[in-house]
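Q: Below are the sequence and a predicted model for it; my questions follow.
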Amino acid sequence: MLVSRARTRLLVSFASRHLLSSQPDPHPSPTSPSSFSAAVSASDVVNDLCRVLSDFRAPHHDLDAALRPFAPLLTPALAEHVLKRCSRLPGAAHRFFLWSDALPGFRHTPASCLVVIESLAASRHFPLLWSFLSELRDSGLSRGDADEIRPEAFWLLFRSYSRARLPADAVRSFKRMPDFGLQPVLEDLHQLLFSLCRNGLVEQAHSFFDQSKLRFPVNQKTYSMVMGGWAAAGNSKKALELFDEMLQRGCLADAVAYNTLIMALCRGGEIDEAHRRLQEMQRDRGLKPDAGTYSAFIRASCEAKDVHSAMRVLDTMKRHDLSPNVFTYNAIIKLLCEKENVVEAYELLDEMLHRGAKPDAWSYNAILAVHCKLHEVNKALRLLARMVRDSCLPDRHTYNMLLKMLIGVGRIDRAMEVWDGMEKRGFYPSASTFAVMIHGLCRKKGRIEEACQYFEVMVDEGIPPYLSTCELLRDKLLQLGLRERVGVLVEKMKMSTSCTIQELSSAMGKEKG
């Protein structure tokens with residue numbers, strides 16, 4: 001049975017009523033803001049503010065008016081919780097920050113500032129982000145607070161510019177730190193180099209590293225970062241050149257530097273040279289190989305699709321009482337699953353738990369993908385139960401894969417059982433998971449009404465559906481001659497508290513021309 005999550009909406013209801021009139025009420029009701037502090041818990045306030053930010057997410061939505069009734073209830077701690085929950089709504093989060101910052105006597109926590117910066121950076125709202133940083137700097141100066149902006153804000157910028165493949169802007173951000181009262185230190189340089197290398201921009205990282213050698217006391221950690229970038233690019237020659245330069249500069253090669261070099265050699269296909277460097281590391285430097293050393297060989301074997309070599313190195317690690325990390329285990333599990341060797345994949349899951357390397361959702365999802373591909377319903381459901389039993393929360397990929405498979409093989413009953421258990425497992429579906437259900441049900445004969453019910457839950461929860469979901473459901477209903485049902489859905493969308501859903505109602509009601 002399809003049941004919407006029941007959540008109290010006292011504050012949203014009050015906000016809606018309050019917005020109907022701009023005149024103050026001479027006889028405050030029990031639901032006026034002054035009484036809410038006692039009647040509503042902090043979690044209710046956070047939930048309702050998050051709903052408002054979701055409903056009024058677009059720039060042209062009147063978010064300030066919707067927020068006004070919450071002003072008496074807001075504290076810096078509550079604002080921080082709201083911003084963290086709504087970090088995927090960068091525009092609304094930014095506007096909420098500015099609105100609350102303007103409240104008399106209100107001052108955000110440093111964590112709140114970083115959340116907004118990360119949100120804007122992750123969504124690549126770079127001009128808005130620089131404007132926000134300038135506002136923070138200026139407001140800090142006016143309050144006599146020189147520490148309003150922290151170095152971590154620029155680390156987020158380095159990361160986001162690098163992900164957007166804008167290395168020149170990442171470097172420019174580093175150079176602009178003094179404009180915001182921050183003199184770059186070695187750790188800031190490390191953050192920049194790491195971000196560039198992590199995103200495949202090692203040439204630019206190496207170039208700026210060369211420019212920075214005389215300004216900063218670079219060490220083996222700095223060299224290892226750039227070497228790691230060349231390792232990821234499969235250029236072992238460049239990594240070797242940096243390793244030799246590091247030694248000539250007088251930096252001692254530690255285990256991390258050797259591990260990075262070995263990884264570069266393995267990625268470059270020079271396995272024999274990697275083994276020679278492993279011996280050199282032990283014999284000449286007196287360094288003991290660790291899990292990271294052997295993991296480089298395991299990953300090289302996995303990339304070469306050589307299961308037997310990967311398992312041999314894993315056995316060597318066990319003899320030395322070393323445990324791979326989750327990422328290395330996942331690489332082997334993924335390879336085993338690609339070869340549909342699920343039995344050994346399960347054995348590795350057991351081993352991970354036994355050795356204290358707690359499997360993550362990716363560990364289970366790799367195996368689940370095989371069960372779904374082979375339409376193994378019972379095995380897939382047992383794996384879901386095991387995830388919960390092993391204290392690993394299923395994620396969006398878990399549910400989307402499983403629901404798509406169950407609907408595809410006609411096990412709608414089991415799909416609905418899985419859906420009904422999601423909230424108990426701490427998962428709340430987003431538009432993509434709703435789309436899996438609605439699209440799947442639309443394509444199954446006699447299931448259109450259930451598709452409509454899931455769509456209505458989306459509207460009730462204030463989750464804007466994809467345009468493609470609206471169009472598919474509408475076209476299917478019209479194809480079946482259910483024009484009135486389309487009208488009911490359109491009216492429901494128009495009544496939604498979400499402005500985005502209201503705007504989508506026109507697409508829902510529009511017939512294909």
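A: That came in fine, so what should we check first? Numbering: from 1, shown residues only.
Q: and residue 465, how many neighbours?
A: 24 (other Cβ atoms under 10 Å). For glycine as for every other residue, the C-beta is placed from the backbone atoms N, C-alpha and C.
Q: these two touch, right, it and residue 434?
A: Yes. Using Cβ atoms under 8 Å, residue 465 is in contact with residue 434, at 6.7 Å.
Q: Would you enumerate the residues in contact with residue 206?
A: 226, 229, 230, 238, 242 (Cβ atoms under 8 Å, 6 or more residues apart in numbering).
Q: Quick one: list the elements packing against the helix or strand containing residue 112.
A: Using DSSP states H and E, residue 112 maps to helix 110-122. Counting contacts by 3 or more Cβ pairs under 8 Å, 6 or more residues apart in numbering; DSSP states H and E, helix 110-122 packs against helix 76-85, helix 90-101, helix 126-143, helix 151-163.
Q: closest one to residue 42 among the ones you listed?
A: Nearest to residue 42, of all the helices and strands packed on helix 110-122, is helix 76-85, at 6.0 Å by Cβ to Cβ.
Q: Spatially central, which residue of this structure would that be?
A: For the chain, the residue nearest the mean C-alpha position is residue 88 (9.0 Å; Cα atoms, centre = their mean).
Q: quick one: contacts for that one?
A: Per Cβ under 8 Å, 6+ apart, neighbours of residue 88: residue 119.
Q: From residue 318, how far out is it?
A: 41 Å (Cβ to Cβ, to the nearest Å).
Q: Point out where the chain drops to low pLDDT.
A: Regions of the chain meeting the criterion pLDDT under 70 cover residues 1-40, 140-148, 512-513.
Q: can you rerun that using 50?
A: 1, 3-39, 142, 144, 146 (pLDDT under 50).
Q: what does the domain assignment say about it?
A: 219-289, 429-513 (automatic domain parsing).
Q: Let's have those domains in a markdown table, adding distance to residue 97.
A: Shown next, in a markdown table, are the domains of the chain (distance: least, Cβ to Cβ, whole Å):
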| stretch | distance to residue 97 |
| --- | --- |
| domain 219-289 | 33 |
| domain 429-513 | 20 |
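Q: Quick check: which of those is buried the most?
A: Greatest average neighbour count among those goes to domain 219-289 (a mean of 19), per mean count of other Cβ atoms under 10 Å.
Q: first to last residue in that domain, what's the distance?
A: End-to-end distance of domain 219-289 (Cα to Cα, to the nearest Å): 21 Å.
Q: Residue 429 - nearest residue in space that isn't next to it in sequence?
A: residue 422 (6.3 Å; Cβ to Cβ, 6 or more residues apart in numbering).
Q: need the contact list for that neighbour.
A: 399, 428, 429.
Q: So for the helix or strand hosting it, what gets flagged as buried?
A: Taking DSSP H and E as the definition, residue 422 sits inside helix 412-422. Within helix 412-422, the residues that count as buried by 16 or more other Cβ atoms under 10 Å are 412, 414, 415, 416, 418, 419, 422.
Q: Looking at these, spot the one nearest residue 264.
A: residue 422 (43.0 Å).
Q: mind listing the helices in the stretch 251-400 of the chain by residue range?
A: Listed in chain order, the helices of the stretch 251-400 of the chain (DSSP state H, counting those that start in this stretch) span 255-267, 271-283, 291-303, 307-319, 326-338, 342-355, 361-373, 377-389, 396-408.
Q: for these, which one sits closest to residue 59?
A: helix 396-408 (27.0 Å).
Q: Now do the closest one against helix 377-389, angle only.
A: When axes from the mean of the first three to the mean of the last three Cα atoms, to 10 degrees is applied, the directions of helix 396-408 and helix 377-389 differ by 150 degrees.
Q: What helices and strands are in contact with helix 396-408?
A: Packed next to helix 396-408, using 3+ Cβ pairs under 8 Å, 6+ apart, are helix 361-373, helix 377-389, helix 412-422, helix 431-442.
Q: a markdown table for the ones you listed, including distance to residue 169?
A: As requested, the helices and strands packed on helix 396-408 are exported to a markdown table (distance: least, Cβ to Cβ, whole Å):
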| stretch | distance to residue 169 |
| --- | --- |
| helix 361-373 | 31 |
| helix 377-389 | 40 |
| helix 412-422 | 40 |
| helix 431-442 | 30 |
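Q: wait, which of those helices is closest to residue 58?
A: Once the helices and strands packed on helix 396-408 are compared by Cβ to Cβ, helix 431-442 is nearest, at 15.6 Å.
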